[in-house]
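Q: Provided below for reference: sequence and predicted model.
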Amino acid sequence: MSTRTARARRSTPACWRSSNVRLSDVEHQEVAKSRLLRALAGARVPHAYLFIGPEGVGKQMMAMRFARLLLCPRALPAAHAAPDGGRETCGDCDDCRMLAGGVHPDYRVISRASHRLHPDRAVQRRRPIDISIDVVREFVINQMSTRPARGRAKIFVIDEAEMLTTQAENSLLKTLEEPPAGSYLILVATSDANLLPTIRSRCQVVPFGPLPTDYIVRRLSSTPDLSPSDARYVAELSEGRLGPAQRLVLTKAPERRERVLHMLSAAIRNPLDLGKPFTALTEEIIAIGEKLADARDAVVNRVDDDREEAEASEGGAAEFVPEPHALRKARREVLAMMAAALRDAMRLACGARPLGHAEPPDIARAIADLARTLGRDRAARAIRAVAEAEAQIDLNANLSLVLDGLGIALSRDHQGVEAA
């Protein structure tokens, strides 16, 4: 494989490449699917889309399938496609094969990891905490100004568009106002709260919703060594997001349930001792995440040979430091497990059964102990305290102060009852 081909392949993360060509693969997103097919049927496809919805519900898969419809020269008009939206592309032409291999010259995915492919070494060395103006200029604006290499269209997908810097968003405005003919931009985001109003107003919004819990359980059921109870637990913990559910399985979240329950019980007795076990769990999740690197970030670790040689001659790559996005995800995962345990305890205290079915005996006993300790009202207040802690972590508040406050909130009512 030539260097140019290798770089082109690395510009498209593995999760954005697939040999399957059916739009109907994106399940339980009928609103999004119908909007895109109607635009194709009327030959009035907007030049800019904003795919918005929770993480891991099919936004990236939909963007890939939609790009195939625009790039495949043998694509069936949407009006003649199968009723389920299936096989609108041929899957056999050069364009379809190049898309499946991640090397199509007119299809590019831009993400926080794209800085590693930037020609400027200073940009390459930056931590992937956002999508900078340098990345947008190099891989979107400059590329969009040229004609499509294959003659049909050029498609640019910006994943995690909410991570665009303000400067990067401003640089896109002229392109959105006066898009070159045959060029399409798809922004993929979990929320539009961090996007400029001028960006949102220039894009056709396509909403995506959470997936049914039973669907996620069914998708997880083929996972080796994952019990039905653990599959149900992970599905409920993911809140309708298949991607995070699969990541929870990879990071072995079910195996940490008992430790989370013990951590809660200990924090109720000694509120200022919450920080140490919380940090240990967070570091464990990050360590597993490093080994099982998510496919969409695989490009970060697969750099060009010439860059590796350059780094070796300049003293080697920098020591790994968990980036804020990964830290925040790990912390939110632990908080979500705490909230799930408190929810089950509250349900048990109300006389209802926990949402997880056929709990292992040790987990069931720990939940019952927590329910007896807290009771219904205190468990409800504890859940609100966990939600407040999550909001503070999202705002980059000091972790030690947040955890101390959470521990105090968990123990306050308990200590009052003991004193009485």
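A: Good, I have the coordinates. Numbers count the residues shown, from 1 in each chain.
Q: return the helix or strand in the chain with minimum mean pLDDT.
A: In the chain, the helix or strand scored least confidently by mean pLDDT, DSSP states H and E is helix 305-313, which has a mean of 38.
Q: any buried residues in the next helix or strand after it, and which?
A: The helix or strand immediately downstream of helix 305-313 is helix 324-349, counting by DSSP states H and E. By neighbour count on 16 or more other CB atoms under 10 Å, the buried set for helix 324-349 is 325-349. (C-beta placed from N, C-alpha, C; glycine too.)
Q: which other helices and strands contact helix 324-349?
A: Under the contact definition 3 or more CB pairs under 8 Å, 6 or more residues apart in numbering; DSSP states H and E, helix 324-349 sits against helix 228-237, helix 257-269, helix 275-291, helix 361-394.
Q: spatially central residue in the protein, please.
A: For the chain, the residue sitting closest to the mean C-alpha position, by CA atoms, centre = their mean, is residue 55 at 4.1 Å.
Q: assumed it was part of a strand.
A: No. Counting by DSSP: H, G, I helix; E, B strand; the rest coil, residue 55 is not found in a strand; it is coil.
Q: so it sits against residue 241, correct?
A: Yes. Between residue 55 and residue 241 there is a contact at 5.4 Å, judged by CB atoms under 8 Å.
Q: shaky segments in this protein?
A: Along the chain, segments meeting pLDDT under 70 span 1-22, 24, 76-88, 292-324, 354-358, 413-420.
Q: show me it divided up by domain.
A: According to automatic domain parsing, the chain comprises the domains 3-207, 251-419.
Q: for residue 49, helix, strand, or coil?
A: Under three-state DSSP, residue 49 comes out as strand.
Q: may I have the beta-bridge partners of it?
A: residue 186, residue 204 (DSSP bridges).
Q: can you get me a residue count around it?
A: 24 (other CB atoms under 10 Å).
Q: and it, what is it in contact with?
A: Applying CB atoms under 8 Å, 6 or more residues apart in numbering, one finds that residue 49 lies in contact with 184-187, 203-206.
Q: determine which two of the residues you listed are furthest apart.
A: Within the contacts of residue 49, two members stand farthest from each other by CB to CB: 184 and 205, at 15.1 Å.
Q: looking at those two, which is more packed in?
A: residue 184 (22 against 14).
Q: the more buried one touches residue 39, doesn't it?
A: No. The criterion here is CB under 8 Å, and residue 184 misses it with residue 39 at 10.8 Å.
Q: what do the two both touch?
A: In contact with both residue 184 and residue 39: residue 45, using CB under 8 Å, 6+ apart.
Q: what about residue 372, how many neighbours?
A: Neighbours of residue 372 using other CB under 10 Å come to 11.
Q: scratch that, residue 370 is what I was asking about
A: Neighbours of residue 370 (other CB under 10 Å): 23.
Q: same question for residue 166.
A: 12.
Q: residue 260 too?
A: Using other CB under 10 Å: residue 260 sits among 23 other residues.
Q: could you measure from it over to residue 353?
A: Using CB to CB, to the nearest Å, one gets 19 Å for the distance from residue 260 to residue 353.
Q: picking up where we left off before, out of the contacts of residue 49, which are buried?
A: For those, buried by 16+ other CB under 10 Å: 184-187, 203, 206.
Q: please, where are all the strands along the stretch 101-250 of the chain?
A: Taking DSSP state E, counting those that start in this stretch as the criterion, the stretch 101-250 of the chain carries its strands at 107-110, 154-158, 183-189, 204-207.
Q: tell me which of these sits nearest to residue 174.
A: Among these, strand 183-189 comes nearest to residue 174, with 12.2 Å by CB to CB.
Q: okay, angle between the closest one and strand 154-158 too, please.
A: 20 degrees (axes from the mean of the first three to the mean of the last three CA atoms, to 10 degrees).
Q: so how far is strand 183-189 from its chain's centroid?
A: 16 Å (CA atoms, centre = their mean, to the nearest Å).
Q: what helices and strands are in contact with it?
A: strand 48-52, helix 59-71, strand 154-158, helix 166-177.
Q: 10 Å - rerun?
A: Secondary-structure packing of strand 183-189 (3 or more CB pairs under 10 Å, 6 or more residues apart in numbering; DSSP states H and E): strand 48-52, helix 59-71, strand 107-110, helix 142-144, strand 154-158, helix 166-177, helix 197-200, strand 204-207.
Q: which residues touch the last one?
A: Strand 204-207 has contacts (CB atoms under 10 Å, 6 or more residues apart in numbering) with 29, 31-36, 39, 45-53, 59, 62-63, 66, 186-188, 192.
Q: whichever of the residues you listed end up buried, select them in ChimeraX.
A: This is the ChimeraX syntax for the buried subset of the contacts of strand 204-207, where burial follows 16+ other CB under 10 Å:
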select :29,32,33,36,39,47,48,49,50,51,52,53,59,62,63,66,186,187,188,192
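Q: intersection of neighbour lists for residue 55 and residue 241?
A: 190, 247.
Q: circling back to that earlier point, so which of the buried ones among the contacts of residue 49 is the closest to residue 73?
A: Out of the buried ones among the contacts of residue 49, the member with the shortest distance to residue 73 (by CB to CB) is residue 184, at 16.0 Å.
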